[in-house]
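Colleague: Output the structure for:
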Amino acid sequence: MKENIKICVVGLGYVGLPLALKFAEHFKVIGFDINKERIEELRNGFDRNREFKEEDFIGKI
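Modeller: A predicted model of the protein is given here:
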């Protein structure tokens, strides 16, 4: 049942990104942000807020 659950996090800033990464440990997560540059940075494993390192994204994006 858990494999059918999908969570969407709108806004991948100071609150949204940590939530998305934590949820991604157990569920499929879709992250949405209106800042295209931010999305591209996160796809490349870079968090400009310096809360997370590249390895924190492995297997989650």
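
Colleague: Is Phe27 in contact with Ile5, as I believe?
Modeller: Yes. Under the contact definition of Cβ atoms under 8 Å, Phe27 touches Ile5, with a separation of 5.0 Å. Bear in mind the C-beta positions are built from the backbone N, C-alpha and C, glycine included.

Colleague: Would you mark the buried spots in stretch 42-55?
Modeller: Going by neighbour count (16 or more other Cβ atoms under 10 Å), the buried part of stretch 42-55 is Leu42, Asp47, Phe52.

Colleague: Tyr14: which of the residues you listed is nearest?
Modeller: Of all those, the one with the least separation from Tyr14 (Cβ to Cβ) is Asp47, at 10.3 Å.

Colleague: where does the protein dip in pLDDT?
Modeller: Judged against pLDDT under 70, the low-scoring parts of the chain cover residues 1-2, 61.

Colleague: Determine the set of other helices and strands touching the helix or strand where Ile7 lies.
Modeller: Element membership of Ile7 [criterion: DSSP states H and E] is strand 6-10. Helices and strands touching strand 6-10, by 3 or more Cβ pairs under 8 Å, 6 or more residues apart in numbering; DSSP states H and E, are helix 16-23, strand 28-32.

Colleague: ok so, going back, tell me the one of the buried residues of stretch 42-55 nearest Leu21?
Modeller: Each of the buried residues of stretch 42-55 was checked against Leu21 using Cβ to Cβ; the closest is Phe52, at 6.7 Å.

Colleague: Report whether the closest one is found in a strand, as I expect.
Modeller: No. Assessed by DSSP: H, G, I helix; E, B strand; the rest coil, Phe52 does not belong to a strand; its assignment is coil.
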